[in-house]
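1. Turn this into a structure:
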Amino acid sequence: MTLASSTSSAGTVWPSWVLVVAAVLVSGLLLAGPALRRRYPVAWWLLLGFPVLVVRVMRTWRPLMAGCGLAVSRRPALTVVSGLVGNGAPPPQPRVPRYGLIRPTGGGFWLLVRLLPGQVPEDFVKAAPAMAEDWQVHGVRVTSWRPGVVRIAASVADPLATPRLPKQRGPSQLLRVAVGVLETGVAWVIDLRRVPHWLIVGATRSGKSTLINALVAGLAPQPVALVGIDCKGGMELSLYEPRLSALATNREQAVRLLAALVDLTLDRMTVCRAARVRNIWGLSEKERPVPVVVIVDEIAELFLVASRNEKDEAHAAGTALIRLAQLGAALGVFLVVAGQRVGSDLGPGVTALRAQLGGRVCHRVADPGTAEMALGDLNPDALKAAQAITPEQAGTAVLASGDGWERARSHLITEADAEVIAAEYEYLAPVLPELLTEAK
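-> Sure, this is the predicted structure:
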(Lines give C-alpha, C1' and ligand atoms only; values in the text may rest on other atoms or scores of the structure.)
Protein backbone atom coordinates (compact mmCIF):
# COMPACT_ATOMS: atom_id res chain seq x y z
CA MET A 1 0.00 0.00 0.00
CA THR A 2 1.37 3.39 -0.97
CA LEU A 3 0.40 6.91 0.01
CA ALA A 4 -0.54 9.39 -2.69
CA SER A 5 1.76 12.34 -2.90
CA SER A 6 2.03 15.71 -4.58
CA THR A 7 5.10 17.44 -5.98
CA SER A 8 5.55 21.19 -5.52
CA SER A 9 7.18 23.44 -8.09
CA ALA A 10 10.39 23.31 -6.05
CA GLY A 11 10.52 19.54 -6.37
CA THR A 12 9.50 18.75 -2.78
CA VAL A 13 7.15 15.78 -2.45
CA TRP A 14 4.36 16.33 0.08
CA PRO A 15 2.14 13.47 1.30
CA SER A 16 -1.48 14.02 0.35
CA TRP A 17 -2.64 13.94 3.97
CA VAL A 18 -0.40 16.94 4.74
CA LEU A 19 -2.04 18.90 1.94
CA VAL A 20 -5.50 17.91 3.18
CA VAL A 21 -4.71 18.97 6.74
CA ALA A 22 -3.23 22.25 5.52
CA ALA A 23 -6.31 22.91 3.39
CA VAL A 24 -8.61 22.16 6.33
CA LEU A 25 -6.63 24.48 8.63
CA VAL A 26 -6.63 27.30 6.13
CA SER A 27 -10.34 26.88 5.44
CA GLY A 28 -11.08 26.79 9.16
CA LEU A 29 -9.13 29.95 9.79
CA LEU A 30 -10.88 31.73 6.92
CA LEU A 31 -14.32 30.65 8.14
CA ALA A 32 -13.65 31.33 11.81
CA GLY A 33 -11.68 34.51 11.17
CA PRO A 34 -14.57 37.02 11.39
CA ALA A 35 -15.98 35.45 14.57
CA LEU A 36 -12.50 35.24 16.11
CA ARG A 37 -11.84 38.88 15.25
CA ARG A 38 -15.09 40.03 16.91
CA ARG A 39 -14.75 38.00 20.10
CA TYR A 40 -10.98 37.85 20.52
CA PRO A 41 -9.48 40.75 18.53
CA VAL A 42 -6.02 40.49 20.08
CA ALA A 43 -5.82 36.72 19.43
CA TRP A 44 -7.00 37.25 15.85
CA TRP A 45 -4.40 39.91 15.35
CA LEU A 46 -1.52 37.79 16.66
CA LEU A 47 -2.58 34.60 14.83
CA LEU A 48 -3.67 36.02 11.48
CA GLY A 49 -3.39 39.77 11.05
CA PHE A 50 0.16 40.28 12.28
CA PRO A 51 1.85 37.53 10.20
CA VAL A 52 0.12 38.78 7.05
CA LEU A 53 1.25 42.33 7.74
CA VAL A 54 4.83 41.25 8.43
CA VAL A 55 4.95 39.66 4.98
CA ARG A 56 3.52 42.84 3.47
CA VAL A 57 6.14 45.02 5.16
CA MET A 58 9.00 42.78 4.04
CA ARG A 59 7.71 42.64 0.47
CA THR A 60 7.19 46.39 0.09
CA TRP A 61 10.14 47.70 2.10
CA ARG A 62 12.66 48.16 -0.72
CA PRO A 63 10.29 49.74 -3.30
CA LEU A 64 8.76 51.87 -0.57
CA MET A 65 12.13 53.25 0.51
CA ALA A 66 13.05 53.92 -3.11
CA GLY A 67 9.76 55.63 -3.85
CA CYS A 68 10.09 57.89 -0.80
CA GLY A 69 13.64 58.89 -1.68
CA LEU A 70 15.13 57.00 1.25
CA ALA A 71 17.28 54.64 -0.84
CA VAL A 72 20.90 55.57 -1.61
CA SER A 73 22.82 54.44 -4.71
CA ARG A 74 25.79 52.24 -3.86
CA ARG A 75 28.09 53.32 -6.72
CA PRO A 76 26.57 56.05 -8.88
CA ALA A 77 29.52 56.11 -11.34
CA LEU A 78 29.34 52.35 -11.92
CA THR A 79 25.62 52.63 -12.59
CA VAL A 80 26.24 55.21 -15.35
CA VAL A 81 29.05 53.18 -16.93
CA SER A 82 27.02 49.97 -16.97
CA GLY A 83 24.25 51.81 -18.77
CA LEU A 84 26.65 53.18 -21.42
CA VAL A 85 28.42 49.88 -22.07
CA GLY A 86 25.18 47.98 -22.26
CA ASN A 87 26.73 44.61 -21.40
CA GLY A 88 23.43 43.39 -19.99
CA ALA A 89 24.57 43.40 -16.36
CA PRO A 90 21.90 44.79 -14.07
CA PRO A 91 22.79 48.02 -12.26
CA PRO A 92 23.70 47.62 -8.59
CA GLN A 93 20.77 47.70 -6.20
CA PRO A 94 20.57 50.89 -4.10
CA ARG A 95 21.10 50.71 -0.37
CA VAL A 96 17.98 50.94 1.75
CA PRO A 97 17.76 51.55 5.50
CA ARG A 98 17.92 48.35 7.51
CA TYR A 99 15.10 47.49 9.89
CA GLY A 100 15.15 45.23 12.92
CA LEU A 101 12.70 42.72 14.33
CA ILE A 102 9.05 43.58 13.71
CA ARG A 103 7.38 43.42 17.11
CA PRO A 104 3.59 43.11 17.57
CA THR A 105 1.45 45.28 19.86
CA GLY A 106 -2.18 44.87 20.86
CA GLY A 107 -3.38 46.53 17.66
CA GLY A 108 -0.36 47.04 15.45
CA PHE A 109 3.40 46.66 15.38
CA TRP A 110 6.63 48.58 15.70
CA LEU A 111 10.18 48.26 14.42
CA LEU A 112 13.48 50.10 14.62
CA VAL A 113 15.22 51.41 11.51
CA ARG A 114 18.87 52.46 11.25
CA LEU A 115 19.35 55.62 9.22
CA LEU A 116 21.77 55.76 6.33
CA PRO A 117 24.50 58.45 6.27
CA GLY A 118 22.98 61.85 5.54
CA GLN A 119 19.45 60.89 6.65
CA VAL A 120 17.53 62.49 9.52
CA PRO A 121 14.36 61.37 11.34
CA GLU A 122 12.32 64.06 9.55
CA ASP A 123 12.88 62.20 6.26
CA PHE A 124 10.99 59.21 7.66
CA VAL A 125 8.30 61.39 9.24
CA LYS A 126 7.47 62.73 5.78
CA ALA A 127 7.25 59.16 4.46
CA ALA A 128 4.81 58.01 7.18
CA PRO A 129 1.63 58.55 5.05
CA ALA A 130 3.14 56.48 2.23
CA MET A 131 3.99 53.69 4.68
CA ALA A 132 0.40 53.64 5.94
CA GLU A 133 -0.93 53.40 2.37
CA ASP A 134 1.46 50.64 1.29
CA TRP A 135 0.95 48.58 4.44
CA GLN A 136 -2.84 49.23 4.45
CA VAL A 137 -2.95 50.32 8.10
CA HIS A 138 -4.76 53.15 9.87
CA GLY A 139 -1.71 55.20 10.68
CA VAL A 140 2.07 55.23 11.03
CA ARG A 141 4.03 57.35 13.46
CA VAL A 142 7.78 57.88 13.35
CA THR A 143 9.77 59.02 16.38
CA SER A 144 13.47 59.32 17.13
CA TRP A 145 14.65 56.36 19.19
CA ARG A 146 18.30 57.26 19.62
CA PRO A 147 20.92 58.96 17.41
CA GLY A 148 20.89 57.24 14.04
CA VAL A 149 17.79 55.10 14.77
CA VAL A 150 14.08 55.83 14.38
CA ARG A 151 11.09 53.93 15.72
CA ILE A 152 8.20 53.24 13.34
CA ALA A 153 4.90 52.31 14.99
CA ALA A 154 1.80 51.33 13.01
CA SER A 155 -1.81 51.00 14.14
CA VAL A 156 -4.06 48.69 12.14
CA ALA A 157 -7.25 50.43 13.31
CA ASP A 158 -7.94 53.66 15.16
CA PRO A 159 -7.76 52.75 18.88
CA LEU A 160 -9.42 56.08 19.71
CA ALA A 161 -12.61 55.23 17.80
CA THR A 162 -14.05 53.15 20.66
CA PRO A 163 -11.85 53.57 23.73
CA ARG A 164 -12.34 50.88 26.33
CA LEU A 165 -12.15 51.54 30.06
CA PRO A 166 -9.16 49.58 31.41
CA LYS A 167 -9.80 47.17 34.24
CA GLN A 168 -8.81 48.47 37.64
CA ARG A 169 -6.18 46.21 39.17
CA GLY A 170 -5.90 46.72 42.88
CA PRO A 171 -6.35 50.04 44.69
CA SER A 172 -5.68 53.16 42.68
CA GLN A 173 -2.49 55.05 43.39
CA LEU A 174 -2.76 58.44 45.03
CA LEU A 175 -3.21 61.30 42.53
CA ARG A 176 -3.05 58.88 39.58
CA VAL A 177 -6.13 58.49 37.34
CA ALA A 178 -6.76 56.54 34.13
CA VAL A 179 -8.87 59.00 32.13
CA GLY A 180 -8.90 57.41 28.67
CA VAL A 181 -6.81 55.58 26.11
CA LEU A 182 -3.74 56.54 24.08
CA GLU A 183 -3.39 55.97 20.35
CA THR A 184 -1.10 53.04 21.18
CA GLY A 185 -4.05 51.30 22.86
CA VAL A 186 -2.74 51.60 26.42
CA ALA A 187 -4.44 53.53 29.20
CA TRP A 188 -4.11 57.31 29.27
CA VAL A 189 -3.05 58.07 32.83
CA ILE A 190 -2.77 61.50 34.40
CA ASP A 191 -0.31 61.22 37.27
CA LEU A 192 -0.17 64.44 39.27
CA ARG A 193 2.78 63.21 41.29
CA ARG A 194 4.84 62.96 38.09
CA VAL A 195 3.40 65.95 36.18
CA PRO A 196 1.80 68.16 38.85
CA HIS A 197 0.16 70.96 36.82
CA TRP A 198 -1.93 70.69 33.63
CA LEU A 199 -3.42 72.98 31.00
CA ILE A 200 -6.50 71.64 29.19
CA VAL A 201 -7.92 73.57 26.22
CA GLY A 202 -10.76 72.83 23.83
CA ALA A 203 -13.68 74.44 22.05
CA THR A 204 -17.32 73.79 22.92
CA ARG A 205 -18.23 70.10 22.51
CA SER A 206 -14.62 69.11 21.90
CA GLY A 207 -14.38 66.84 24.95
CA LYS A 208 -12.77 69.19 27.49
CA SER A 209 -15.57 68.87 30.05
CA THR A 210 -15.71 65.10 29.57
CA LEU A 211 -12.00 64.87 30.39
CA ILE A 212 -12.48 66.93 33.56
CA ASN A 213 -15.41 64.65 34.48
CA ALA A 214 -13.14 61.62 34.08
CA LEU A 215 -10.39 63.22 36.14
CA VAL A 216 -12.73 64.19 38.99
CA ALA A 217 -14.40 60.78 38.90
CA GLY A 218 -11.00 59.16 39.42
CA LEU A 219 -9.91 61.55 42.16
CA ALA A 220 -13.21 61.51 44.10
CA PRO A 221 -12.58 58.12 45.80
CA GLN A 222 -9.06 59.16 46.82
CA PRO A 223 -8.03 60.94 50.05
CA VAL A 224 -7.53 64.31 48.37
CA ALA A 225 -9.21 67.70 48.61
CA LEU A 226 -10.84 69.05 45.45
CA VAL A 227 -11.20 72.81 45.03
CA GLY A 228 -13.12 74.43 42.19
CA ILE A 229 -12.89 77.86 40.55
CA ASP A 230 -15.61 78.45 37.96
CA CYS A 231 -16.19 82.10 37.17
CA LYS A 232 -19.17 81.30 34.92
CA GLY A 233 -21.40 81.17 37.96
CA GLY A 234 -20.40 77.61 38.75
CA MET A 235 -22.27 76.19 35.73
CA GLU A 236 -19.62 73.52 35.14
CA LEU A 237 -17.98 72.67 38.45
CA SER A 238 -21.14 72.86 40.57
CA LEU A 239 -21.77 69.27 39.40
CA TYR A 240 -19.04 68.18 41.78
CA GLU A 241 -19.98 70.52 44.64
CA PRO A 242 -20.78 67.76 47.18
CA ARG A 243 -17.21 66.47 46.81
CA LEU A 244 -15.53 69.91 46.71
CA SER A 245 -13.91 71.40 49.77
CA ALA A 246 -14.38 74.90 48.31
CA LEU A 247 -15.95 76.44 45.22
CA ALA A 248 -15.62 79.97 43.86
CA THR A 249 -18.22 81.02 41.29
CA ASN A 250 -17.03 84.53 40.41
CA ARG A 251 -13.75 86.38 40.19
CA GLU A 252 -14.07 88.13 43.54
CA GLN A 253 -14.53 84.80 45.30
CA ALA A 254 -11.76 83.29 43.19
CA VAL A 255 -9.26 85.95 44.29
CA ARG A 256 -10.05 85.28 47.96
CA LEU A 257 -9.87 81.53 47.51
CA LEU A 258 -6.58 81.68 45.62
CA ALA A 259 -5.10 83.94 48.31
CA ALA A 260 -6.17 81.38 50.92
CA LEU A 261 -4.52 78.62 48.91
CA VAL A 262 -1.28 80.60 48.75
CA ASP A 263 -1.38 81.05 52.54
CA LEU A 264 -2.03 77.31 52.94
CA THR A 265 0.99 76.59 50.76
CA LEU A 266 3.22 78.91 52.79
CA ASP A 267 2.05 77.25 56.02
CA ARG A 268 3.01 73.87 54.59
CA MET A 269 6.38 75.28 53.63
CA THR A 270 6.95 76.23 57.27
CA VAL A 271 6.05 72.71 58.42
CA CYS A 272 8.45 71.14 55.91
CA ARG A 273 11.24 73.49 56.87
CA ALA A 274 10.75 72.68 60.57
CA ALA A 275 10.87 68.96 59.78
CA ARG A 276 13.93 69.48 57.54
CA VAL A 277 12.32 67.87 54.49
CA ARG A 278 12.01 69.25 50.97
CA ASN A 279 8.38 68.32 50.33
CA ILE A 280 5.32 66.98 52.10
CA TRP A 281 6.10 63.45 50.93
CA GLY A 282 9.10 63.48 53.26
CA LEU A 283 6.78 63.92 56.26
CA SER A 284 5.39 60.96 58.16
CA GLU A 285 1.92 59.80 57.12
CA LYS A 286 0.46 61.24 60.34
CA GLU A 287 2.02 64.67 59.77
CA ARG A 288 1.46 64.85 56.03
CA PRO A 289 -1.30 67.31 55.01
CA VAL A 290 -3.98 66.27 52.55
CA PRO A 291 -3.13 66.90 48.86
CA VAL A 292 -5.22 69.63 47.22
CA VAL A 293 -6.20 69.57 43.53
CA VAL A 294 -7.38 72.96 42.25
CA ILE A 295 -9.56 72.85 39.14
CA VAL A 296 -9.93 76.16 37.29
CA ASP A 297 -12.56 76.13 34.56
CA GLU A 298 -12.56 78.79 31.83
CA ILE A 299 -9.33 80.53 32.74
CA ALA A 300 -10.13 83.45 30.40
CA GLU A 301 -12.85 84.63 32.80
CA LEU A 302 -10.16 85.29 35.40
CA PHE A 303 -8.08 87.48 33.07
CA LEU A 304 -10.63 89.41 30.98
CA VAL A 305 -11.01 92.98 32.27
CA ALA A 306 -13.42 95.83 31.57
CA SER A 307 -12.52 98.28 34.33
CA ARG A 308 -9.67 99.30 36.62
CA ASN A 309 -11.11 97.29 39.49
CA GLU A 310 -11.35 94.18 37.32
CA LYS A 311 -7.76 94.71 36.19
CA ASP A 312 -6.58 94.62 39.79
CA GLU A 313 -8.59 91.45 40.45
CA ALA A 314 -7.23 89.78 37.33
CA HIS A 315 -3.68 90.67 38.30
CA ALA A 316 -4.18 89.31 41.82
CA ALA A 317 -5.69 86.07 40.49
CA GLY A 318 -2.91 85.57 37.96
CA THR A 319 -0.18 86.24 40.51
CA ALA A 320 -1.71 83.77 42.96
CA LEU A 321 -1.99 81.06 40.30
CA ILE A 322 1.64 81.54 39.27
CA ARG A 323 2.78 81.28 42.89
CA LEU A 324 0.75 78.10 43.38
CA ALA A 325 2.26 76.63 40.22
CA GLN A 326 5.79 77.48 41.37
CA LEU A 327 5.42 76.21 44.94
CA GLY A 328 2.56 73.75 44.87
CA ALA A 329 4.18 70.57 43.50
CA ALA A 330 6.42 70.07 46.52
CA LEU A 331 3.74 71.17 48.98
CA GLY A 332 0.82 69.07 47.76
CA VAL A 333 -1.14 71.66 45.77
CA PHE A 334 -1.82 70.74 42.14
CA LEU A 335 -3.37 72.81 39.34
CA VAL A 336 -5.67 71.73 36.50
CA VAL A 337 -6.39 74.82 34.40
CA ALA A 338 -8.97 74.56 31.60
CA GLY A 339 -10.39 76.93 29.02
CA GLN A 340 -11.94 77.28 25.58
CA ARG A 341 -9.52 80.02 24.59
CA VAL A 342 -6.09 80.70 26.04
CA GLY A 343 -3.98 83.30 24.28
CA SER A 344 -1.29 85.86 24.94
CA ASP A 345 -3.88 88.59 24.34
CA LEU A 346 -5.25 87.83 27.82
CA GLY A 347 -2.12 89.38 29.28
CA PRO A 348 1.43 88.45 30.27
CA GLY A 349 0.10 86.59 33.31
CA VAL A 350 -1.34 83.85 31.10
CA THR A 351 1.99 83.29 29.34
CA ALA A 352 3.85 83.19 32.66
CA LEU A 353 1.30 80.71 34.05
CA ARG A 354 1.50 78.54 30.93
CA ALA A 355 5.25 78.15 31.44
CA GLN A 356 4.57 76.53 34.83
CA LEU A 357 1.99 74.01 33.54
CA GLY A 358 4.11 71.08 32.40
CA GLY A 359 1.25 68.88 31.17
CA ARG A 360 -0.78 70.07 28.18
CA VAL A 361 -3.95 68.67 26.64
CA CYS A 362 -5.30 70.23 23.45
CA HIS A 363 -8.67 69.19 22.02
CA ARG A 364 -10.13 70.72 18.89
CA VAL A 365 -9.90 74.50 19.27
CA ALA A 366 -11.60 77.36 17.48
CA ASP A 367 -8.48 79.48 16.95
CA PRO A 368 -4.87 78.56 16.17
CA GLY A 369 -3.56 80.86 18.90
CA THR A 370 -4.97 78.61 21.62
CA ALA A 371 -3.31 75.52 20.13
CA GLU A 372 -0.07 77.47 19.82
CA MET A 373 -0.30 78.55 23.46
CA ALA A 374 -0.94 74.98 24.60
CA LEU A 375 1.57 73.05 22.51
CA GLY A 376 3.75 75.36 20.44
CA ASP A 377 6.49 75.72 23.02
CA LEU A 378 6.73 71.96 23.60
CA ASN A 379 6.56 70.24 20.22
CA PRO A 380 5.75 71.52 16.70
CA ASP A 381 4.59 68.05 15.63
CA ALA A 382 2.09 67.96 18.50
CA LEU A 383 0.76 71.33 17.35
CA LYS A 384 0.18 70.02 13.82
CA ALA A 385 -1.59 66.93 15.17
CA ALA A 386 -3.91 69.05 17.34
CA GLN A 387 -4.81 71.32 14.44
CA ALA A 388 -5.82 68.24 12.44
CA ILE A 389 -8.55 67.20 14.92
CA THR A 390 -11.99 67.44 13.27
CA PRO A 391 -15.37 68.24 14.87
CA GLU A 392 -16.38 64.59 14.41
CA GLN A 393 -13.55 63.50 16.73
CA ALA A 394 -15.09 64.71 19.98
CA GLY A 395 -13.01 63.61 22.96
CA THR A 396 -9.86 63.21 20.89
CA ALA A 397 -6.94 65.31 22.08
CA VAL A 398 -3.19 65.71 21.83
CA LEU A 399 -1.38 65.59 25.14
CA ALA A 400 2.18 66.76 25.56
CA SER A 401 4.77 67.18 28.25
CA GLY A 402 8.53 67.26 28.48
CA ASP A 403 8.52 63.50 27.78
CA GLY A 404 6.92 63.81 24.33
CA TRP A 405 3.42 63.82 22.90
CA GLU A 406 0.57 61.40 22.14
CA ARG A 407 -2.89 61.37 20.62
CA ALA A 408 -5.50 60.26 23.12
CA ARG A 409 -9.22 60.12 23.85
CA SER A 410 -10.95 60.39 27.21
CA HIS A 411 -13.61 58.04 28.49
CA LEU A 412 -17.18 59.27 28.25
CA ILE A 413 -18.19 60.39 31.75
CA THR A 414 -21.50 62.25 31.45
CA GLU A 415 -22.75 65.07 33.63
CA ALA A 416 -25.16 62.65 35.30
CA ASP A 417 -22.28 60.27 36.04
CA ALA A 418 -20.26 63.12 37.54
CA GLU A 419 -23.11 64.15 39.83
CA VAL A 420 -23.63 60.59 41.04
CA ILE A 421 -19.93 60.07 41.74
CA ALA A 422 -19.61 63.39 43.58
CA ALA A 423 -22.61 62.55 45.77
CA GLU A 424 -21.34 59.03 46.43
CA TYR A 425 -18.00 60.24 47.79
CA GLU A 426 -19.23 63.39 49.51
CA TYR A 427 -18.14 61.97 52.87
CA LEU A 428 -14.50 62.00 51.68
CA ALA A 429 -14.41 65.78 51.10
CA PRO A 430 -11.94 67.14 53.68
CA VAL A 431 -12.91 70.21 55.66
CA LEU A 432 -10.13 72.77 55.24
CA PRO A 433 -10.78 75.76 57.53
CA GLU A 434 -8.10 77.74 55.69
CA LEU A 435 -10.28 77.73 52.57
CA LEU A 436 -13.60 78.73 54.09
CA THR A 437 -14.96 81.61 52.00
CA GLU A 438 -18.31 83.10 51.25
CA ALA A 439 -18.42 80.78 48.25
CA LYS A 440 -18.77 77.74 50.50
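
2. And the helices in the stretch 151-300 of the chain, which stretches?
-> 208-219, 251-275, 300-303 (DSSP state H, counting those that start in this stretch).

3. Need those helices in a markdown table (columns: distance to Q393 and mean pLDDT).
-> (C-beta placed from N, C-alpha, C; glycine too.) Compiled in a markdown table, those are given as follows (distance: least, CB to CB, whole Å; pLDDT from 0 to 100):
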| stretch | distance to Q393 | mean pLDDT |
| --- | --- | --- |
| helix 208-219 | 13 | 92 |
| helix 251-275 | 32 | 93 |
| helix 300-303 | 24 | 86 |
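
4. Could you say which of those helices is packed most deeply?
-> Mean neighbour count (mean count of other CB atoms under 10 Å) peaks for helix 208-219 among the helices of the stretch 151-300 of the chain, with a mean of 25.

5. give the contact list for the nearest residue to D267 once chain neighbours are set aside.
-> Spatially, and ignoring its direct neighbours in sequence, D267 is nearest to E434 (7.4 Å; CB to CB, 6 or more residues apart in numbering). E434 makes contacts with A260, D263, L264, D267, as judged by CB atoms under 8 Å, 6 or more residues apart in numbering.

6. Same check on V113?
-> For V113, the contact set (CB under 8 Å, 6+ apart) comprises P97, R98, Y99, G100, F124, V149, V150, R151, I152.

7. Backbone dihedrals for it, please?
-> The phi/psi pair for V113 (degrees, to the nearest 10) reads phi -130, psi 130.

8. Kindly state the beta-bridge partners for it.
-> Y99, V150 (DSSP bridges).

9. rewinding a little: quick one, which of the helices of the stretch 151-300 of the chain gets closest to D345.
-> D345 sits nearest to helix 300-303 of all the helices of the stretch 151-300 of the chain, at 9.4 Å, using CB to CB.

10. Need the contact partners of the closest one.
-> For helix 300-303, contacts defined as CB under 8 Å, 6+ apart pick out 229, 231-232, 251, 254, 296, 314, 317-318, 321, 339-342, 346-347, 349-350.

11. hmm, try it at 6 Å
-> C231, A314, A317, G339, R341, L346, G347, V350 (CB atoms under 6 Å, 6 or more residues apart in numbering).

12. so the fourth one touches D297, yeah?
-> This points to G339. No: if you go by CB atoms under 6 Å, G339 and D297 don't touch, sitting 7.6 Å apart.

13. What is the subsequent helix or strand relative to the helix or strand hosting G318?
-> With secondary structure defined by DSSP states H and E, G318 is part of helix 308-331. Next along the chain after helix 308-331, taking DSSP H and E as the criterion, comes strand 333-339.

14. partners of that next one in the sheet?
-> strand 198-201 (parallel), strand 292-297 (parallel).

15. Could you check how many residues crowd around G349?
-> By other CB atoms under 10 Å, 18 other residues sit near G349.

16. Run through the stretch 1-150 of the chain and note the low-pLDDT ranges.
-> For the stretch 1-150 of the chain, the stretches flagged by pLDDT under 70 are 1-15, 17-38, 40-41, 74-92.

17. what are the ranges of the helices in it?
-> For the stretch 1-150 of the chain, applying DSSP H, counting those that start in this stretch gives helices covering 16-39, 41-44, 50-67, 76-85, 121-135.

18. Quick one: closest of the helices of the stretch 151-300 of the chain to E183.
-> Closest approach to E183 among the helices of the stretch 151-300 of the chain is made by helix 208-219 (15.6 Å; CB to CB).

19. Which strands and helices lie in contact with the closest one?
-> In terms of contacts (3 or more CB pairs under 6 Å, 6 or more residues apart in numbering; DSSP states H and E), helix 208-219 is packed against strand 176-182, strand 404-410.

20. let's see 8 Å
-> Helix 208-219 sits against strand 176-182, strand 198-201, strand 292-297, strand 333-339, strand 404-410, helix 415-424, with contacts defined as 3 or more CB pairs under 8 Å, 6 or more residues apart in numbering; DSSP states H and E.

21. coming back round to it: could I get the strands paired with strand 333-339 in JSON lines, plus columns for distance to L399, mean neighbour count and mean pLDDT?
-> As requested, these are arranged in JSON lines below (distance: least, CB to CB, whole Å; neighbours: other CB atoms under 10 Å; pLDDT from 0 to 100):
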{"stretch": "strand 198-201", "distance to L399": "9", "mean neighbour count": "26", "mean pLDDT": "94"}
{"stretch": "strand 292-297", "distance to L399": "17", "mean neighbour count": "24", "mean pLDDT": "95"}
